[in-house]
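Trainee: build the 3D model from these lines:
(chains A, B, C and D)
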Number of protein chains: 2
Amino acid sequence: MSDGFQRDLLRGSLDLMVLSVLADEPQYGYSIQKQIRDVSQGRVDLKAGTLYPLLHRLEADKLIRSKWDDSTGRRRKWYELTKAGQKRLHAQAQEWHSYVECIGQLLTLVLPTLPKPA
Amino acid sequence: MSDGFQRDLLRGSLDLMVLSVLADEPQYGYSIQKQIRDVSQGRVDLKAGTLYPLLHRLEADKLIRSKWDDSTGRRRKWYELTKAGQKRLHAQAQEWHSYVECIGQLLTLVLPTLPKPA
DNA sequence: CTTACATACATAGCTCGTCTATACATAGAA
DNA sequence: TTCTATGTATAGACGAGCTATGTATGTAAG
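Mentor: Predicted coordinates for the structure are as follows:
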């Protein structure tokens, strides 16, 4: 993730990120990478070595499915959510919110003076 | 973490949790574990094999310091934040809020219909 | 009394997601 | 033609958190 967030923060939420950018419409690896980088203002910059294995894992788990497009000079592998992927996305989003709330409580409990999120 | 959150969510935020429960007052391992379990309503239940190595790592990094208390039958190792630990805590809290906001944006951008956090 | 459980700390070894490094190939710009 | 951006891919290293196990004491139940 280059600069930006410390590496381990991503762990466990990268799936959520990728699934969520696929929620709208099918995309290919490189465009997923770019969109996440843009939305995060460059602070989450997935390397190829992170993204592609992740996509392969999601596909192996039947959460996304892929289709090659060789019609142009650039070979692109398009991914889209499966039904299971949509379910997983919603479940993970719920869990994420719940987790955030949980940490937030811990922080406000013991550190009421801590600077609040913007 | 037993049931509750999927394992990788904790990654990168466990340090933050432990540092934050130490912000108030010195505590020993077992009490840290209990407090985190209580605040999270049982959903973050650190195993000994997770907590103690983590504490040793934090101490090796000079973010906390320890002192044995053998005055009672129960040997307890009390930990407290160092100055560096306080700095790290605030930095990590900031980063956490920033990261949460970032993910939140991604979720609302592509999934405006997603259930909001409570 | 002795059995059981909560307390209290510790380490060895495993898992597996993310990272770095490397590889190959095309399109477009300098 | 040389450099950059695009586009996908894998091998190997790293390391945080997990499981399993070990030791030992205080306290309550039977």
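Trainee: thought residue A:107 was touching residue B:93?
Mentor: Yes - when contacts are counted by CB atoms under 8 Å, residue A:107 is listed as touching residue B:93 (6.0 Å). For glycine as for every other residue, the C-beta is placed from the backbone atoms N, C-alpha and C.
Trainee: so where does the residue nearest to the spatial centre of chain A fall, helix or strand?
Mentor: Chain A has residue A:17 as the residue nearest its centroid, 1.7 Å off, counting by CA atoms, centre = their mean. Per DSSP states H and E: residue A:17 is located in helix A:14-24.
Trainee: what average pLDDT does that helix get?
Mentor: If you average the pLDDT over helix A:14-24, you get 95.
Trainee: what does stretch A:76-84 give?
Mentor: Mean predicted confidence for stretch A:76-84 is 97.
Trainee: mind checking if that stretch is in reach of chain B?
Mentor: No - using CB under 8 Å from any CB of the partner chain, stretch A:76-84 never reaches chain B; the gap is at least 11.0 Å.
Trainee: for that stretch, buried residues please.
Mentor: Buried residues in stretch A:76-84, counting neighbours by 16 or more other CB atoms under 10 Å in any protein chain shown, are found at A:76, A:78-79, A:81-82.
Trainee: how about the helix or strand of chain A with the lowest mean pLDDT: buried residues?
Mentor: Within chain A, no helix or strand scores below helix A:7-10, which has a mean of 88 by mean pLDDT, DSSP states H and E. Neighbour counts over helix A:7-10 (16+ other CB under 10 Å) mark A:9-10 as buried.
Trainee: residues making contact with it?
Mentor: A:1, A:44, B:11-13, B:95-96, B:99 (CB atoms under 8 Å, 6 or more residues apart in numbering or on different chains).
Trainee: same deal with stretch A:63-74?
Mentor: Contacts for stretch A:63-74 (CB under 8 Å, 6+ apart): A:19, A:22, A:28, A:55, A:58-59, A:75-82, A:84-85, A:88.
Trainee: around DNA strand D, which positions in chain A sit nearby?
Mentor: Within reach of DNA strand D by CB under 7 Å from any atom of the strand, chain A has these residues: A:8, A:28-31, A:34, A:48-49, A:52-53, A:55-56, A:74-78.
Trainee: quick one, which of these are buried?
Mentor: Buried among these by 16+ other CB under 10 Å: A:28-29, A:55, A:76, A:78.
Trainee: Throw those residues into CSV and include secondary structure and distance to residue A:40, thanks.
Mentor: Formatted as CSV, these follow (DSSP: H, G, I helix; E, B strand; the rest coil; distance: CB to CB, whole Å):
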residue, secondary structure, distance to residue A:40
A:28, strand, 19
A:29, helix, 17
A:55, helix, 18
A:76, strand, 23
A:78, strand, 22
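Trainee: let me have the residues you listed in JSON lines, extended by distance to residue B:39.
Mentor: Listed next are these as JSON lines, based on distance: CB to CB, whole Å:
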{"residue": "A:28", "distance to residue B:39": "42"}
{"residue": "A:29", "distance to residue B:39": "39"}
{"residue": "A:55", "distance to residue B:39": "36"}
{"residue": "A:76", "distance to residue B:39": "46"}
{"residue": "A:78", "distance to residue B:39": "44"}
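Trainee: hmm, which two among the residues you listed are most spread apart?
Mentor: Taking CB to CB, the two most distant members of these are A:55 and A:76; they sit 12.4 Å apart.
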